[in-house]
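[1] this one's structure only:
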DNA sequence: TTTATTGTATTATATATATAATACTACATA
DNA sequence: TATGTAGTATTATATATATAATACAATAAA
């Protein structure tokens, strides 16, 4: 997976968000093994403790689970609770829409202008395939 | 003006953003006097130093200017350079659109779905007046 | 059985952020 | 003229974040 860290927000929060996107976009599927904390940290070029904090957060949300019941050395996996993933996906999409429309409206744009600007921007940035 | 501070990003950056929105949305007009640092800080329930940092940043961007040429006790005003405000408004709107479409696409939505979801969300949250 | 790997924990350090308290200079105003 | 107000500066303190360097116990793998 690809990482994109900027520096005006806590890194561990950005890691949580980007891992969550990987889960709800289907880049990581229910039951899939998750790379080890060390590997993920190296991949994202981030300290192990920082990545550990992100994974612990996702585990507390139920999105990641320990792979075996007994102890740890088996690593983590994506939850098989698809309804939980769907629920989080819906919430996430709604929060993006909320944030976006709030910002556009605060600029003084009305609903028609917002829709047309979105359509215009999408067509400008459409990849050749679509 | 209304303030809305959350706690996962530096406060001074959020102050810069929200003051900037006030400028480019026309809530504060070119030439308008800006309240004193102390008053703004009290209004936003934020430390004076924090608000000062935000105002200094906006001044460095040319959006705010010292009210008189001589010294300070006259306070600040909004720049009368309307083209600068327009330019920043365009950049801001574009960055919002960029951020939004990037997030929606990363969820696996195609352009048609994005437009329809925007339209649907806008109609659901439309105020009575519109 | 030996070695490597897993998640986890601990300690220390550096940095950025936010606040509080205080003070100064120059100007505006009463 | 005397007082208040503007922006600004300084010092100190608390907190969150991020990193580094280790270490450990239990499991997996060679």
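    Alright, I've got the coordinates. All values reported here derive from a predicted model rather than from experimental measurement.
[2] Please name the nearest non-neighbouring residue to residue A:67.
    residue A:74 (4.2 Å; C-beta to C-beta, 6 or more residues apart in numbering or on different chains). Yep, even glycine has a C-beta here, placed from its N, CA and C like the rest.
[3] so is the one you found in a helix, a strand, or just coil?
    coil (DSSP: H, G, I helix; E, B strand; the rest coil).
[4] Measure how buried it is and give me the count.
    A count of nearby residues for residue A:74, using other C-beta atoms under 10 Å in any protein chain shown, gives 12.
[5] Now for it: which residues touch it?
    Residues counted as contacts of residue A:74 (C-beta atoms under 8 Å, 6 or more residues apart in numbering or on different chains) are A:66-68.
[6] same thing with residue A:32?
    Taking C-beta under 8 Å, 6+ apart as the test, what residue A:32 contacts is A:77-78.
[7] ok, now residue A:22?
    Neighbours of residue A:22 in contact, by C-beta under 8 Å, 6+ apart: A:1, A:28.
[8] Am I right that it is in a helix?
    Yes: judged by three-state DSSP, residue A:22 forms part of a helix.
[9] coming back round to it: out of the contacts of residue A:74, which are close to DNA strand C?
    With C-beta under 7 Å from any atom of the strand as the criterion, the contacts of residue A:74 include residue A:66 near DNA strand C.
[10] and residue A:89, what helix or strand is that in?
    helix A:82-106 (DSSP states H and E).
[11] tell me what the helix or strand following that helix is packed against?
    With elements assigned by DSSP H and E, the helix or strand that comes after helix A:82-106 is helix A:111-124. Using 3 or more C-beta pairs under 8 Å, 6 or more residues apart in numbering or on different chains; DSSP states H and E as the contact test, the elements touching helix A:111-124 are helix A:82-106, helix B:82-106, helix B:111-124.
[12] mind running it again at 6 Å?
    If you count contacts as 3 or more C-beta pairs under 6 Å, 6 or more residues apart in numbering or on different chains; DSSP states H and E, helix A:111-124 packs onto helix B:111-124.
[13] Mind checking the pLDDT average for the helix holding residue A:89?
    For helix A:82-106, mean pLDDT is 96.
[14] Stretch A:17-36 now?
    Stretch A:17-36 shows a mean pLDDT of 95.
[15] same deal with stretch A:44-64?
    97.
[16] Tally up the residues packed near the closest residue to residue A:98 other than its chain neighbours, please.
    Setting aside the residues directly before and after it, residue A:98 is nearest to residue B:121 in space (C-beta to C-beta, 6+ apart), at 7.8 Å. Using other C-beta under 10 Å, residue B:121 is surrounded by 19 other residues.
[17] from memory residue B:121 sits against residue A:96, does it?
    No: Residue B:121 is beyond contact range of residue A:96, at 9.8 Å (criterion: C-beta atoms under 6 Å).
[18] Distance-wise, check the residue nearest to residue A:67 relative to residue A:108.
    Between residue A:74 and residue A:108 the distance is 55 Å, computed by C-beta to C-beta, to the nearest Å.
[19] How about residue A:88?
    Where residue A:108 is concerned, residue A:88 sits at a distance of 33 Å (C-beta to C-beta).
[20] Between those two, tell me which one has more neighbours.
    Just comparing residue A:88 and residue A:108: by other C-beta under 10 Å the higher neighbour count belongs to residue A:88, 16 against 13.
[21] Nearest residue to the more buried one in space, ignoring adjacent ones along the chain?
    Counting by C-beta to C-beta, 6+ apart, residue A:24 is the residue found nearest to residue A:88 once chain neighbours are left out, at 5.9 Å.
[22] Who are the contact partners of that neighbour?
    Residue A:24 is in contact with A:85, A:88-89, counting by C-beta atoms under 6 Å, 6 or more residues apart in numbering or on different chains.
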